[in-house]
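[1] here you go, sequence then predicted model.
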Amino acid sequence: MRMIVRGARLLHTDGTDGTNGTDDPGGAGGLFDVEVAEDGRIARVVPYDDQKEPPATGTLIEAHGALLTAPFVEPHIHLDTALTAGEPRPNASGTLWEGIACWSERKRTLTREDVIARATEVLRWQAAQGVLHVRTHCDVTDPSLTALDALLEVRDRVRDVMHLQIVAFPQEGIVSFPGGEVLLREAVARGADLVGAIPHFEDTREDGVASLGIAFAVAEEHGLRVDAHCDEIDDEQSRFVEVLATLALRSGLRERATASHTTAMGSYGGAYSFKLQRLLARSGISLVSNPFANLNLQGRFDAYPRRRGLTQVKEMLAAGVNVAFGHDDVMDPWNALGTANPLQTALVGLYAAQLTGADEIPVAFSMVTDRAARVLGLSDAEYGITPGAPASFVLLPAASPQEAIRRQVRPRYVVSHGTVLAETPPAPTLLSWPGEAPSEVDFNRP
Ligand code: FE2
């Protein structure tokens, strides 16, 4: 045996406390042992026996009741723009549109080394925080495609420990940008994994519809998925998600299509929203909400009352649509902050979308794990704490998803394909409370 994790708490597949979707109550304390075979896959998941001696060989991780989950999944990030905040100038207005203008200037100075260094740095942050599956968008409205070539190289370099999907993302349009379609097709030819679009940024509604038609046509030609920045605007007239969902339905791409942002949905009235819920549920598409970017960039043109800037997260979940949370920007023209920490995304997202009920907080956790995995198209054989799946998981020093989010814990261990990739030792805080000897602060509820 290559590794054993002893005495871990597992989850139901819906994110609630339990036994990883089985009726098995587990061993002592409801806990399990996870055994990893020499090939880096999970061999067995068995009830924990506190009387049994651990095996003498292989890596031993004593979980002591900590939560073992499949790794975090980042469904929406921009590794090409990351760590460029303030370059060549700050985004003074804070708007999405000025951000695009700043980036347009910055990308003229891109080099292969520049992109590789910044993207790799953020991937290292993600790995350390337990994110092992990443979907990054990459701006392909650049005649040199410098960033794309660099990210393709990064994807291959990290392949053994992290899974990276690259979206050919036409930041400045497919139809409205000169040569946009040619560049999109060239990006796919060079090895992009998905086809993107940005219909609300195109010059006219007709251009926007045409751009989605091109994106789906390219995806179908090459057997790829689609993930479009869609309706990222506070304009209730921006209704491209209905076009995307209909194309997904009629082309058969269905769950292989994703609409990211869809913030205009926060301005739709009840009658249209009802129609849209039915269409989206039928289409099988996923939505990715990006709470940092949406809270920051939307509502900028509003007086009061000012809109929250998010898509209809709660309503679409209730309608049966798969919705995930993404981090989106990390220290770039659209967000000067950001750590690529998925538990931070979940925390901000659950407040922004008001997923604060006792049953809703675990759903927010699933939106950076299981639901995000569905966005990326990961199968049960590729993702989960189940025999046969890759032994890739995180051990969180928390008893539940709610505790992991509340205390913003960093994984004690991050394991990729049966090998420890990151380790964060506990860092206790000693408090000298009046009248008491210094003692360790325990942020768990007594
Ligand atoms: Fe984005």
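    All right, it came through fine. Numbers count the residues shown, from 1 in each chain.
[2] walk me through the domains of this protein.
    3-70+384-423, 72-376 (automatic domain parsing).
[3] please compute how far the last one lies from its chain's middle.
    In terms of Cα atoms, centre = their mean, to the nearest Å, the centre of domain 72-376 is found 10 Å from the chain centre.
[4] quick one: V34 is in a helix?
    No - assigned with DSSP: H, G, I helix; E, B strand; the rest coil, V34 falls outside any helix and is strand.
[5] and the domains of the chain, which one's lowest on average pLDDT?
    Ranked by mean pLDDT, the domains of the chain end with domain 3-70+384-423 in last place, scoring a mean of 89.
[6] quick one: which of the domains of the chain is nearest L431?
    Closest approach to L431 among those (Cβ to Cβ): domain 3-70+384-423, 16.1 Å. (Each C-beta comes from the backbone N, C-alpha and C, glycine too.)
[7] what's the span of that closest one from first residue to last?
    15 Å (Cα to Cα, to the nearest Å).
[8] and L280, how many neighbours does it have?
    When counting by other Cβ atoms under 10 Å, one arrives at 28 neighbours for L280.
[9] which strand or helix spans it?
    Assigned by DSSP states H and E, L280 belongs to helix 270-283.
[10] got a list of contacts for that helix?
    For helix 270-283, contacts defined as Cβ atoms under 8 Å, 6 or more residues apart in numbering pick out 239, 241-242, 245-246, 248-249, 254, 257, 265, 268, 287, 312, 315-316, 319-321.
[11] which of these count as buried?
    239, 241-242, 245, 248-249, 257, 265, 268, 287, 312, 315-316, 319, 321 (16 or more other Cβ atoms under 10 Å).
[12] correct me, but R307 touches G266?
    Yes - under the criterion of Cβ atoms under 8 Å, R307 lies in contact with G266, with a separation of 5.6 Å.
[13] what sits in contact with each of these two?
    What both R307 and G266 touch, as defined by Cβ under 8 Å, 6+ apart, is the set D234, Q298.
[14] more neighbours: these two, which one.
    G266 (20 against 14).
[15] show me the residues around that one that make contact.
    Taking Cβ under 8 Å, 6+ apart, we find G266 in contact with D234, Q298, R307, R308, G309, L310, T311, Q312.
[16] what is the nearest of those residues to R135?
    So of the contacts of G266, ranked by how close each gets to R135 (Cβ to Cβ), first place is T311, at 17.4 Å.
[17] relative to H200, how far out is the closest one?
    13 Å (Cβ to Cβ, to the nearest Å).
[18] more neighbours, the two?
    Between T311 and H200, T311 has the larger neighbour count (other Cβ under 10 Å), namely 30 against 25.
[19] and the more buried one, what element?
    Per DSSP H and E, there is no helix or strand for T311.
[20] need the contact list for it.
    So T311 contacts H261, T262, T263, M265, G266, L287, S289, N294, V323 (Cβ under 8 Å, 6+ apart).
[21] phi, psi for the spatially closest residue to A259 that is not a sequence neighbour please.
    Of all residues not flanking A259 in the chain, C230 sits nearest, at 4.1 Å (Cβ to Cβ, 6 or more residues apart in numbering). Per-residue torsions, C230: phi -130, psi 120 (degrees, to the nearest 10).
[22] and the helices in the stretch 251-400 of the chain?
    270-283, 291-297, 313-318, 342-352, 361-366, 370-376 (DSSP state H, counting those that start in this stretch).
[23] which among these is found nearest to P438?
    Here helix 342-352 is closest among these (Cβ to Cβ), at 28.6 Å.
[24] look at E121 and tell me its secondary structure.
    E121 ends up helix, using three-state DSSP.
[25] got a list of what the closest residue to it other than its chain neighbours touches?
    Among residues not flanking E121 along the chain, L83 sits closest, at 6.5 Å (Cβ to Cβ, 6+ apart). Applying Cβ under 8 Å, 6+ apart, one finds that L83 lies in contact with R118, E121, V122, V330, M331, D332.
[26] give the buried subset of the residues you listed as a ChimeraX selection command.
    Buried residues within the contacts of L83, by 16+ other Cβ under 10 Å, are selected in ChimeraX with:
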select :118,122,330,331,332
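[27] farthest pair in the contacts of L83?
    E121 and D332 (12.8 Å).
[28] tell me, what's touching these two both at once?
    A82, L83.
[29] ok so, going back, okay if I get the contacts of T311 as TSV plus distance to E62?
    Converted to TSV, the contacts of T311 look like this (distance: Cβ to Cβ, whole Å):
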residue	distance to E62
H261	42
T262	44
T263	45
M265	46
G266	46
L287	39
S289	37
N294	41
V323	36
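[30] hey, where'd the helices end up in the stretch 1-150 of the chain?
    96-106, 112-128, 146-157.
[31] in CSV: these, plus distance to Q354.
    Formatted as CSV, the helices of the stretch 1-150 of the chain follow (distance: least, Cβ to Cβ, whole Å):
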stretch, distance to Q354
helix 96-106, 23
helix 112-128, 27
helix 146-157, 35
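[32] any idea which of these gets closest to G65?
    Closest approach to G65 among the helices of the stretch 1-150 of the chain is made by helix 112-128 (23.0 Å; Cβ to Cβ).
[33] okay, that closest one in CSV with CA atoms only?
    Below are the C-alpha coordinates for helix 112-128, written out as CSV (Å, rounded to 0.1, in the frame of the first residue of the first chain):
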residue,chain,number,x,y,z
ARG,A,112,6.1,33.9,-22.8
GLU,A,113,8.2,34.1,-19.7
ASP,A,114,6.0,36.8,-18.2
VAL,A,115,2.8,34.7,-18.6
ILE,A,116,4.5,31.4,-17.5
ALA,A,117,5.8,33.0,-14.3
ARG,A,118,2.5,34.6,-13.3
ALA,A,119,0.3,31.7,-14.2
THR,A,120,2.7,29.2,-12.4
GLU,A,121,2.7,31.4,-9.3
VAL,A,122,-1.1,31.3,-9.0
LEU,A,123,-1.2,27.6,-9.8
ARG,A,124,1.2,27.1,-6.9
TRP,A,125,-1.1,29.1,-4.6
GLN,A,126,-4.0,27.0,-5.8
ALA,A,127,-2.2,23.7,-5.2
ALA,A,128,-1.3,24.8,-1.7
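[34] how long is stretch 52-61 end to end?
    15 Å.
[35] and that stretch, which residues are buried?
    G58, I61.
[36] rewinding a little: the contacts of helix 270-283 in strands, which ones?
    In strands, defined here by DSSP state E, the members of these are A257, L287.
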